[in-house]
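Asker: Return a 3D structure for these sequence lines:
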Amino acid sequence: MEPQPFFLSVGKSCPSSASGSACLLVTDDDQTASINAHTIAILPIEQGQPYEFSVWALAETLEQTLLVTITNPSDHASYLGPMPDPLPLLELPMGLPQGKIQPLWLTLHVPAHSTPGDYTGTVTLTYRNSGTATIPLRVHVWNFDLPKEHHLRTAYGLSMRSLDRYHFLGEDKDLRREVFRLYLQDFATHRISPYNPVGDDWYSVSLSDNVDPEQIEVSVDFSSFDDAATYAFDELGFDSFRIWLPHFASGTYQGSNLPTLAGYTWGSDEYEIIYTKLLSAITNHLADRGWLNKAYAYWFDEPHGSEDYAMVIQGMDMLSRMEPRLNRLLTEEYDQVLAATSSITLASNTAFASGWRGCGCASSGEGSSAWMLWMLLALTGVRRKSPRPS
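Answerer: Here you go, the predicted structure:
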């Protein structure tokens with residue numbers, strides 16, 4: 001069968017690049033066949049510099065090429081059998097499964113300010129038996145640059161503790177910062193923002209020793225935070241982040257925590273006087289740096305039952321009084337009373353499909369928004385053997 005040409009159509013992007021992707025399907029009936037090498041050449045129709053490609057591979061087993069075998073479908077969109085999911089970098093030589101199709105995932109990155117137009121090229125695969133397969137390629141580069149700033153907001157979990165465990169970092173903060181920045185770069189390339197874009201480099205808060213809440217002074221050290229936030233927001237272009245609220249209440253459906261501040265209980269008048277100073281010191285600094293509009297307070301995850309609901313309503317009302325400019329995010333199925341206390345309401349994708357219909361926007365007041373909540377769990381069973389980033 002003759003190789004069929006494939007076509008990519010991409011814009012251009014800063015700071016990293018825009019990308020277009022295509023899937024190549026290769027197969028061989030020879031049980032001993034394998035791909036030993038590949039070359040990718042793409043040139044403009046008129047003279048110019050060739051573009052850089054990265055090739056990704058899906059292979060047939062969990063250990064080698066990470067097709068994930070689904071044995072227990074979790075929802076209506078799932079099915080039994082092999083499911084292509086992870087895209088590890090192609091390692092050669094790569095054996096071809098006899099009588100099966102082997103997908104190769106090709107991604108083209110186009111730098112900003114590239115010359116628009118049509119480009120042609122080839123992808124050549126060399127087999128162990130010295131045979132080759134040459135696949136024609138066409139690329140159309142559009143005459144616009146994708147902006148660095150994102151306009152579809154996202155909020156993805158990225159746990160520092162998970163990085164430690166997955167990469168065997170041994171809680172080495174310098175190494176963890178280096179690995180974390182590699183993740184941030186990958187997030188930025190794919191135009192998604194994490195909850196926490198500064199890693200371990202948050203601000204620190206201290207209070208004076210006064211007993212009278214009116215006399216207590218709050219100081220905040222932003223030195224480490226500003227360096228990390230400048231990189232995340234001004235260089236990489238992240239569009240949102242979960243603000244850290246030291247000494248504020250927190251909770252999940254599994255339980256909650258009610259802190260004290262300078263000896264005063266959460267929710268008391270004295271607590272609110274002190275916390276207003278603390279929160280203002282943080283938000284005023286964020287506003288001065290142009291980052292406050294990216295921040296959201298996400299302090300309670302999926303409240304459950306009347307006791308949690310009462311706590312969420314109280315906490316959201318406190319935040320609204322203390323700092324009305326700060327977005328307040330809530331992850332819970334739509335409830336009219338709860339939605340009225342938050343400026344960003346999330347419900348699961350199934351709730352939207354079954355008639356949620358943006359009720360949060362209509363009920364939460366001016367300036368509110370509704371985000372969609374997707375629960376994604378990736379379980380590959382594979383860890384890096386080396387703790388060093390590459």
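
Asker: and Ser280, what is it in contact with?
Answerer: Met322, Glu323 (Cβ atoms under 8 Å, 6 or more residues apart in numbering). Just so you know, the C-beta spots here come from the backbone N, C-alpha and C atoms, and that holds for glycine as well.

Asker: do you know how far it is from Ala262?
Answerer: For Ser280, the distance to Ala262 equals 16 Å [Cβ to Cβ, to the nearest Å].

Asker: Asn196 too?
Answerer: 27 Å.

Asker: Check Arg176 too.
Answerer: 32 Å.

Asker: Which stretches in the stretch 251-390 of the chain count as strands?
Answerer: Shown for the stretch 251-390 of the chain, the strands assigned by DSSP state E, counting those that start in this stretch span residues 255-257, 260-261, 264-265, 295-297, 300-301, 327-331, 344-348, 369-373.

Asker: Which one of the ones you listed lies nearest to His109?
Answerer: Closest of these to His109 is strand 369-373, at 28.0 Å (criterion: Cβ to Cβ).

Asker: out of all of them, which helix in the chain is the longest?
Answerer: In terms of residue count, the longest helix belonging to the chain (DSSP state H) is helix 269-289.

Asker: What residues of that one count as buried?
Answerer: For helix 269-289, a neighbour-count test (16 or more other Cβ atoms under 10 Å) marks 270-276, 278-279, 281-283, 285-286 as buried.

Asker: can you redo these as a markdown table with pLDDT?
Answerer: Below are those laid out as a markdown table (pLDDT from 0 to 100):
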| residue | pLDDT |
| --- | --- |
| Glu270 | 97 |
| Tyr271 | 97 |
| Glu272 | 97 |
| Ile273 | 97 |
| Ile274 | 97 |
| Tyr275 | 98 |
| Thr276 | 97 |
| Leu278 | 98 |
| Leu279 | 98 |
| Ala281 | 98 |
| Ile282 | 98 |
| Thr283 | 98 |
| His285 | 98 |
| Leu286 | 98 |
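
Asker: Low-confidence stretches in this protein?
Answerer: 1-66, 97-98, 101, 130, 347-368, 372-390 (pLDDT under 70).

Asker: quick one: the helices in it?
Answerer: Counting by DSSP H, the chain has helices at residues 160-167, 173-189, 223-229, 269-289, 305-322, 336-339, 349-351, 359-363.

Asker: Distance of Pro103 relative to His247?
Answerer: Plainly put, Pro103 is 51 Å away from His247 if you go by Cβ to Cβ.

Asker: Ok, Leu182 next?
Answerer: For Leu182, the distance to His247 equals 32 Å [Cβ to Cβ].

Asker: coming back round to it: as JSON lines, the strands of the stretch 251-390 of the chain with distance to Thr134 would be great.
Answerer: What follows is the strands of the stretch 251-390 of the chain, written out as JSON lines (distance: least, Cβ to Cβ, whole Å):
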{"stretch": "strand 255-257", "distance to Thr134": "61"}
{"stretch": "strand 260-261", "distance to Thr134": "69"}
{"stretch": "strand 264-265", "distance to Thr134": "73"}
{"stretch": "strand 295-297", "distance to Thr134": "51"}
{"stretch": "strand 300-301", "distance to Thr134": "52"}
{"stretch": "strand 327-331", "distance to Thr134": "50"}
{"stretch": "strand 344-348", "distance to Thr134": "47"}
{"stretch": "strand 369-373", "distance to Thr134": "43"}
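
Asker: Which among those strands is found nearest to Ile70?
Answerer: Ranking the strands of the stretch 251-390 of the chain by proximity to Ile70 (Cβ to Cβ) places strand 344-348 first, at 20.4 Å.

Asker: returning to that earlier point: the longest helix of the chain vs helix 305-322, what angle?
Answerer: Here helix 269-289 runs at an angle of 60 degrees relative to helix 305-322 (axes from the mean of the first three to the mean of the last three Cα atoms, to 10 degrees).

Asker: Thought Asp118 was touching Leu137, still the case?
Answerer: No - look at Leu137 against Asp118 with Cβ atoms under 8 Å: they stay out of range, at 11.3 Å.

Asker: Who has more neighbours out of those two?
Answerer: Using other Cβ atoms under 10 Å, the more surrounded residue of Leu137 and Asp118 is Leu137, with 22 against 12.
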